[in-house]
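# I'd like to go over a predicted model; first the sequence, then the structure.
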Amino acid sequence: MKLLPKILVTVCLSIPFMASAGEIVKKASAHSVKETMDKFEALVKSKGMDVFARVNHQKNAQGADLKMNESEVLIFGNPKGGTVLMNQDIAVSLDLPLRVAVYKDKEGKVWLSYHSPQSLKESYNVKGAAKVMDKVEGALDKLSNIVIK
């Protein structure tokens, strides 16, 4: 093996996995992608959280003359919680604001998914804000359970 490939392998193996590679919570929805996301967005807004963007991946793919199953992502959060976490470790801003994906898989089943807030706690130096992380985890669990039924 030449020197450059050895160095690349060594560097790649030494890079830690961040929260984006963390645990993914995946819940089956009884509704369509649009209905699930509409319900989730309305619920988030009713709880006083900010919605920063809603991305329709299928629509964007169609704009590029490509096909894919329905898939939407909602980017949302609350500066009261996010700021506390970013003050612990500004690198957590890579995973904030929060994101929820709703999509239809190849078998036609609709899923609501998000990164476990606990994986953020494990990936970043935010242990001093454990109460905030627990609160975020509980809220995501409750909100997602409401909209998938």
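Yep, that arrived.
# which residue ranges form the strands in this structure?
Counting by DSSP state E, the chain has strands at residues 24-28, 50-56, 71-77, 98-104, 110-115.
# quick check: buried residues in the shortest one?
So that's strand 24-28. Val25, Lys27 (16 or more other CB atoms under 10 Å). Placement of C-beta: from N, CA and C, glycine included.
# need the contact partners of that strand.
Strand 24-28 has contacts (CB atoms under 8 Å, 6 or more residues apart in numbering) with 109-116, 140-141, 144-145, 148.
# top of those residues by neighbour count?
Counting neighbours by other CB atoms under 10 Å, Leu112 comes out on top of these with 26 neighbours.
# which secondary structure elements does the helix of greatest length in the chain contact?
Using DSSP state H, we find that the single longest helix of the chain is helix 130-148. On a contact count with 3 or more CB pairs under 8 Å, 6 or more residues apart in numbering; DSSP states H and E, helix 130-148 meets strand 24-28, helix 33-46, helix 79-88, strand 98-104, strand 110-115, helix 117-123.
# same thing but at 6 Å, please
helix 33-46, helix 79-88, strand 110-115, helix 117-123 (3 or more CB pairs under 6 Å, 6 or more residues apart in numbering; DSSP states H and E).
# buried ones in the last one, by neighbour count?
Within helix 117-123, the residues that qualify as buried by neighbour count (16+ other CB under 10 Å) are Pro117, Gln118, Ser119, Leu120, Lys121, Ser123.
# the second one: what's its closest spatial neighbour, skipping adjacent residues?
Put plainly, it is Gln118. Using CB to CB, 6 or more residues apart in numbering and skipping residues adjacent in sequence, the residue nearest Gln118 is Glu137, 6.2 Å away.
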